[in-house]
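Trainee: Sequence first, then the predicted structure:
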Amino acid sequence: MLTDYILDAPISNFIKIRQLDKYMIGHNGYIAGGAFKNIFNNEKIKDVDIFFENEKDYIVANDYFHPMRNI
């Protein structure tokens, strides 16, 4: 049952997932891909894939993150 799985999941997985929140600020994108696999396999996150429903949302995110690229 799905409820049992959630109750038995290590709390450390949820803490690691919350670390992805910083990538969700400033745009309307969605995180998907290998980052979740890395978290649940207790591996280092290699990259974060962000997907957008349309080009406008991508442009907004790009404009938001562009100044941070050299940090």
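Mentor: It's in.
Trainee: Give me the sheet partners of the helix or strand harbouring residue 31 and which way each runs.
Mentor: Taking DSSP states H and E as the definition, one finds residue 31 inside strand 30-32. In the sheet, strand 30-32 lines up against strand 49-51 (antiparallel) (DSSP bridges).
Trainee: Point out where this protein drops to low pLDDT.
Mentor: 1-13, 68-71 (pLDDT under 70).
Trainee: hmm, 90 instead?
Mentor: 1-27, 32-33, 36-43, 45-48, 61-71 (pLDDT under 90).
Trainee: Using CSV, write out the CA atom coordinates for stretch 42-54.
Mentor: Coordinates of each C-alpha in stretch 42-54 appear next as CSV, following Å, rounded to 0.1, in the frame of the first residue of the first chain:
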residue,chain,number,x,y,z
ASN,A,42,21.9,7.8,-1.7
GLU,A,43,24.1,9.1,-4.4
LYS,A,44,25.4,12.6,-5.1
ILE,A,45,23.1,14.6,-7.3
LYS,A,46,24.8,14.9,-10.7
ASP,A,47,22.4,17.5,-12.3
VAL,A,48,18.9,18.9,-12.0
ASP,A,49,16.7,18.7,-15.0
ILE,A,50,14.1,21.5,-15.2
PHE,A,51,11.2,21.3,-17.7
PHE,A,52,8.9,24.1,-18.8
GLU,A,53,5.4,24.0,-20.3
ASN,A,54,6.2,26.8,-22.7
